[in-house]
Structure formats: structure tokens, C-alpha cells
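>>> take this sequence and fold it.
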Amino acid sequence: MKERKRKMIMLSLAGLLLLVGAISVSYALWERLFTQSDENKITTLDCFNITYSNESAATTLNGAVPIKEEDGLKLTPYKITIKNTCDTNAKYNVILNKKKGSTLDNKFVRTAVDKKTILLSNAQQIETRKITDYEVDSSYIIGSGFVTGQQEKTIEIRSWMDWETQATEGQNKTFTYKITIETGATNEVPKTLGDIILLNNPVHEEKPDFTKGYPTATSGDELSGLYKTQDDDGNSYYFRGKVDNNYVQFGTYKESVNFYIVAIDNIMYENIRESYDDAVEYCKAWYNIDYGYETAEECIAEIEKIEILSGEPIMWRIVRINGDKTIRLIMSNPIGYVPFNSNTYGDLRRYVGYTYDNEKSCTHTNPCKSEYMDNTFTNSNGGINSEIKTTLENWYDATLEDYDDKIAYGAYCNDTSYSSSEGNESDRTNRIYYGAYKRLFTDKQPSLLCPEPINQGGSETRLYGGVYKLKIGLLTADEMIYAGITDSSPYVTRDNYLLKNFLKKGENMWSMWSMTPASSLSSGTQMLASNTEGIISSFRDCFSAEDTDIFARPVINLNPDVTVTGSGTQEDPYVLQ
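Prediction:
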């Protein structure tokens, strides 16, 4: 991009909000006219409660300069919350009505609805709308979506002068508009994945009991389904328990993958190993009459090879709709045994960091981003990768490069806040318990709110962990507990969607790393992980050779606007279009 002078450019963006009932043709079950008469009021009209969150109905930018898209998306949005109190689905369009007399060209006005950006010159122009006491030059659809029956949705609208605007093209120009929301009842089925999830899954109102796994052997599964909580970006809807309609088929295996099943007692338990030699060693170590074998050879003879061929589709499970409306997925199968960090000096606390020896602290205001460009990931914080981060990003580049435009930079939390601490970084007898230890094991209150990192190390202070923006990562231990996994009795059964795998019909479960540190003790540094029995352990030494039999399961976030076909079942998974 050629260099240009940055002059102060006058730009008036008057975001006056008006809501107008839709004129629907094929699916007009009802239509209404909604007009905001005062700011910040809740208007109740039949099927809608509409809340205007900003202090004023108008937004004016004076002395503005062109800004990049990533900076525009950081602007404070105008928020409109619509709650559909009826059972009928509703479809809405977000309409930008350009005022007569605006002098800035449409190709220099960029808008974002729920972080999906578009230049106004590329937006669909529709019949010019009529608004009382307002001269409309032209009208454009800049966003659309669904509000399903009995659901609530918050729409975020941002606008700014595009980065490509030359000084001569933007100086002393003005642009004024009003936003209208046109909505009406519809029988149309939504196609964006987020809308379909909300349409097909009623949200449980009650708060789960996080002291127990779900489902357990005696609990039943009627409380399985979709729940709502808050993350750092807003409302998040997460799946819990036994879920049968959250399958997504996305991407293909680039190489064949083999797993080996060791049947212990033939029925009760199956252990998954990554290589045949490893399976043989497992048989030699664990065979006995109580496990169904009189000799190791009997166990070895029962080893079963499961092969996933190159070119086969990859299956994922939906974990949650994030607060920014991206969709979080976890891969159904793992990519192999991976140590979290095999650094020799594993008992130094900084090695629980997803990155460590960072040049800056990874905070909500300045999250550390691992940017993917030209087949390379680059850390914005200049930090050193943990081994598991490098493994996951190499897998992403080899496997998901062709699908990169559908995958968002998601918010990931490597919680290095602490609840108690002794000693310092250079002291091998230091003791520290990280924030999750108390939150999950004492208080039994998981959270999707990521604490700011607290980096302490006495005479050898190092920056590690915190808040990240990534293309690929891991679940937090909190997300595992939200899904129904637990650390104590009664334990979750293998019906839990997060633990179930599909290499064969049986009761085997994956072990898997979380992104959450547990503690740093004199005996070593520990991460949280879920073992093959579906129990979260707080003492998984992430550097010891004996603990590298924990799998890495990739976690990605799909863009909010992805559309799908299918019903989300194992036989008919959601498939991205």
C-alpha cells in the first residue's frame, strides 16, 4: 500500500436508530412498525422486547482519519438487543439509510455488523426507504440474521472511514446515515451455524451442579443440552452432557493416522495407544487375570489397529457459541500424544505458559496474537512457544490451510493468575497454585472469563501465559467442566459428548490436555488434563516422559457467518458450504 499523508478528515456518521417492521412476501406471518421515540428505553410490542444500550441514539465522529479493519473492529459498538418472546422465528435485515447531502463516497465507508465487515459500495442496494423527517438518498442491507423463537440476540454495529481513503478523497467530506432494523415472522430455516444451534436447542435456564459430572451412571441425561453463561465478549451458549446433534464435518486428513486399542477385560475398559510397540508395552505392564488375561501374549493378540485414511473427512464437536458469535469446535479424534512442554527445566513456573519469556504481558487490552500468514505463525509477543503450541500450529498449516478463511482468530485463555504463591522463579522450592486450582477444585465455580495474568518471579521475573488470539489452541479446564467433566465423584459416563470417540463402538475415551495451569511445586510444574476415565487431574506433570501419553485435541473457532447443511447428528453432520 502506498504511503499517504494522514490529514484530519471531517466525517459525520450519525447513527440514528429506527426500527421498522418488515414487509415480507412469502413468509409474512405478521409484521409490525417499531419506532424509537426516546433513547435508552425498552419497547414491548407483541413478540419483541427491544433494548437500546447506548446513552444516545446518535454517534458522531469528528476529526476522523482512515483506520485499518482490525482497529475499526475495536471501536465501541452501537448495541441493539432483541428478545423474541414468541415461538415464531423472525428474520431481520440491518438497513443503512444514507442521508441526502452526504459527500463521502460509499467505497470509503466500511461498516461491521457483528464484526462482519463490508464496504458500503459492496452492500446490496435496495429500494430507498422512507423515514419521517429524514431525507434518504439510498438504502443498503449491511447485515442480516435470525432471532429464533424465545431467544435473545444482541446486534453490534460499527462504522469507520476505510484505510484506503486518500486525504484528497476524505478531507472535509461528510457521511450521515440512519440504521433501521426490518424484521418479520418467517418459516425460513436459518443457515448460519450459530442460528441453527439456537433454533434446534432450547436453552436450559437452571444453573448446572458443577460438583458432579454429567451425565453420571445414576443421573439420567434429561439435563443435557445447551446452557448460557458469560465470557469476555458477551453471552456464550455451551453444550453439556450427552449431546447428539453437535457434529460438524470440516476438513480432511492429509495423512493416514493409526491408533491401537488394547482391550482390558475385553468389555469394561479399552486403552488407546499411538503405536503398536506402545500397545505391546502396555500389555506387558498391565496384563493380569483381573484384567482378563493370564499372559501378556493373550493381551497382545487382542490388540486392534484402527486406521484413519488420508482424505477422510475430519469430524468435530461443537463446544459453544462464543460471546463474539464465533463457533468453538474440538476435534473428535486427537492428533497424537504430545507433551505440553518438554523443557528440561520443567519445574520453573514459566513453562506452564502457552508462550513464555514474552516481551509483553498478554492482556485483554493487548492479547498476544499468533498471526498466520504465508504458512507461518508469528507471535506478536515475541515469546517462546510451548511444545504443544508448535505441534498444533504445524498441524493447522498442514491440514487446515485451505480452510483458513472460515476460521476466526479466537480468544484463548492460559490462566496464569494465582490463588497462592511462595518463593520465586529461580527458587526450585517455589510453590504456586494458579487461579483455576481454587476456582475449580475448591469453589467449584468454572468461568469463561479469563483473568488477567499475574507474572511474578522475584529476582527472575518472566512473562508467561495470559490472554491469546489464536487460529488453533486447546480447551480450558473450565470449558471441560462446563461440558460435564469433573474432578470428583460421581464421575461422568462415557456418554458425555466431549469424551466419546468414534474409532470403534465401545467405551473408550480420550485423554486430553487443557490450556490451564494447576500448580508449580517442588516436584514439578503441572497442567490440568482429563484422563481416559473422564476425570480432570490437577497433577499432570506436563514435562515428564511418563505423562506424554496425554493427547492433544485441536480446538478452532469458525467465523460467525459460516453456513451449513445437515442436521448435526453423527449420521448427518453439519457440513460447511
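>>> from Y491, how far out is the residue nearest to the spatial centre of the chain?
The centre of the chain sits closest to R328, judged by CA atoms, centre = their mean, with a distance of 3.7 Å. Per CB to CB, to the nearest Å, R328 is found 24 Å from Y491. Where you see a C-beta, it was placed from the backbone N, CA and C, and this is true even at glycine.
>>> quick one: residues contacting D232.
By CB atoms under 8 Å, 6 or more residues apart in numbering, the contact list for D232 reads 323, 364, 411, 448-450.
>>> recalculate using a threshold of 6 Å.
D232 makes contact with 449-450 under the criterion CB atoms under 6 Å, 6 or more residues apart in numbering.
>>> for K469, see how far away it is.
Distance of D232 to K469, given as CB to CB: 12 Å.
>>> partners of the helix or strand where Q526 lies, with directions?
Per DSSP states H and E, Q526 falls inside strand 524-530. Strand 524-530 sits in its sheet next to strand 512-521 (antiparallel), strand 536-541 (antiparallel), going by DSSP bridges.
>>> residues touching the first one, excluding its own?
Contacts with strand 512-521, where a contact means CB under 6 Å, 6+ apart, come from 340, 349, 352, 414-415, 431-434, 436-437, 474-477, 526-530, 538, 550-553.
>>> can you map out the helices along the stretch 1-150 of the chain?
Assigned helices in the stretch 1-150 of the chain, in chain order: 69-72 (criterion: DSSP state H, counting those that start in this stretch).
>>> next, count neighbours for A398.
11 (other CB atoms under 10 Å).
>>> before we move on, what about K74?
A count of nearby residues for K74, using other CB under 10 Å, gives 12.
>>> against the centre of this protein, work out the most remote residue.
If you look at how far each residue of the chain sits from its centre, by CA atoms, centre = their mean, the farthest one is E294, at 47.5 Å.
>>> contacts for the longest strand belonging to the chain?
The single longest strand within the chain, with elements called by DSSP state E, is strand 136-147. Counting by CB under 6 Å, 6+ apart, strand 136-147 makes contact with 82, 84, 90-91, 93-98, 100, 111, 113, 123-126, 128-129, 153, 190, 195, all of which sit outside it.
>>> please check these and keep the buried ones.
With burial judged by 16 or more other CB atoms under 10 Å, the buried subset of those is 82, 84, 90-91, 93-98, 111, 113, 123, 129, 153, 190, 195.
>>> return the subset of the residues you listed lying in strands.
82, 84, 90-91, 93-98, 111, 113, 153.
>>> so what's Y140 closest to, chain neighbours aside?
A123 (4.1 Å; CB to CB, 6 or more residues apart in numbering).
>>> ah, wrong one, I meant Y574
Nearest non-adjacent residue to Y574, counting by CB to CB, 6+ apart: V564, 4.2 Å away.
>>> is that neighbour in a helix, a strand, or coil?
Following DSSP: H, G, I helix; E, B strand; the rest coil, V564 is assigned to strand.
>>> is it in a bridge, and if so with what?
In beta-bridge terms (that is, DSSP bridges), V564 pairs with L576.
>>> what's around it, how many residues?
21.
>>> OK, contacts around it?
Residues in contact with V564, defined by CB under 6 Å, 6+ apart, are 193, 574, 576.
>>> which one of these sits closest to R317?
Y574 (10.6 Å; CB to CB).
>>> which secondary element of the protein has the worst mean pLDDT?
Taking mean pLDDT, DSSP states H and E as the measure, the chain has strand 42-45 as its least confident helix or strand, at a mean of 32.
>>> where do the strands sit along the stretch 351-500 of the chain?
For the stretch 351-500 of the chain, applying DSSP state E, counting those that start in this stretch gives strands covering 355-356, 368-373, 376-379, 384-385, 410-414, 418-422, 431-434, 466-470.
>>> redo the ones you listed as CSV? Include mean neighbour count, distance to W286 and mean pLDDT.
Converted to CSV, the strands of the stretch 351-500 of the chain look like this (neighbours: other CB atoms under 10 Å; distance: least, CB to CB, whole Å; pLDDT from 0 to 100):
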stretch, mean neighbour count, distance to W286, mean pLDDT
strand 355-356, 24, 36, 91
strand 368-373, 18, 39, 92
strand 376-379, 14, 39, 92
strand 384-385, 18, 34, 92
strand 410-414, 26, 34, 97
strand 418-422, 15, 36, 64
strand 431-434, 22, 32, 82
strand 466-470, 24, 37, 95
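>>> pLDDT below threshold where in this protein?
Scanning the chain for pLDDT under 70 picks out 1-64, 189, 263-271, 288-291, 343-347, 419-430, 455-461, 501-509, 522-523, 538-548.
>>> can you give the domain ranges for it?
15-188, 257-308, 313-565 (automatic domain parsing).
>>> check those for me and report the most buried one.
domain 313-565 (a mean of 20; mean count of other CB atoms under 10 Å).
>>> okay, how far is it across it, tip to tip?
15 Å (CA to CA, to the nearest Å).
>>> same question for stretch 214-222.
From the first residue to the last, stretch 214-222 extends over 10 Å; the measure is CA to CA.
>>> in that stretch, what counts as buried?
Buried-residue list, stretch 214-222, by 16+ other CB under 10 Å: 214-216, 219, 221.
>>> JSON lines for those residues, including secondary structure and distance to D404?
Listed next are those as JSON lines, based on DSSP: H, G, I helix; E, B strand; the rest coil; distance: CB to CB, whole Å:
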{"residue": "Y214", "secondary structure": "coil", "distance to D404": "35"}
{"residue": "P215", "secondary structure": "coil", "distance to D404": "36"}
{"residue": "T216", "secondary structure": "coil", "distance to D404": "40"}
{"residue": "S219", "secondary structure": "coil", "distance to D404": "41"}
{"residue": "D221", "secondary structure": "coil", "distance to D404": "36"}
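>>> nearest spatial neighbour of N379, chain-adjacent residues omitted?
S370 (5.6 Å).
>>> pretty sure Y464 contacts G353?
Yes: Y464 is in contact with G353 according to CB atoms under 6 Å; the separation is 2.9 Å.
>>> show me the contacts for V562.
Counted by CB under 6 Å, 6+ apart, V562 has contacts 193, 406, 576.
>>> number of nearby residues for the first one?
What that stands for is L193. 24.
>>> mind listing what it touches?
Neighbours of L193 in contact, by CB under 6 Å, 6+ apart: 327, 562, 564.
>>> also the last one?
Under the criterion of CB under 6 Å, 6+ apart, the neighbours of L576 are 250, 562, 564.
>>> let's go with 7 Å and repeat that
250, 406, 562, 564 (CB atoms under 7 Å, 6 or more residues apart in numbering).
>>> can you give me the helices in the stretch 451-577 of the chain?
Using DSSP H, counting those that start in this stretch, helices in the stretch 451-577 of the chain cover 477-483.
>>> returning to what we had before: nearest to T180, out of the strands of the stretch 351-500 of the chain?
T180 lies closest to strand 410-414 among these, at 31.5 Å (CB to CB).
>>> for the closest one, name the packing helices and strands.
Applying 3 or more CB pairs under 7 Å, 6 or more residues apart in numbering; DSSP states H and E, we find strand 410-414 packed against strand 466-470, strand 512-521.
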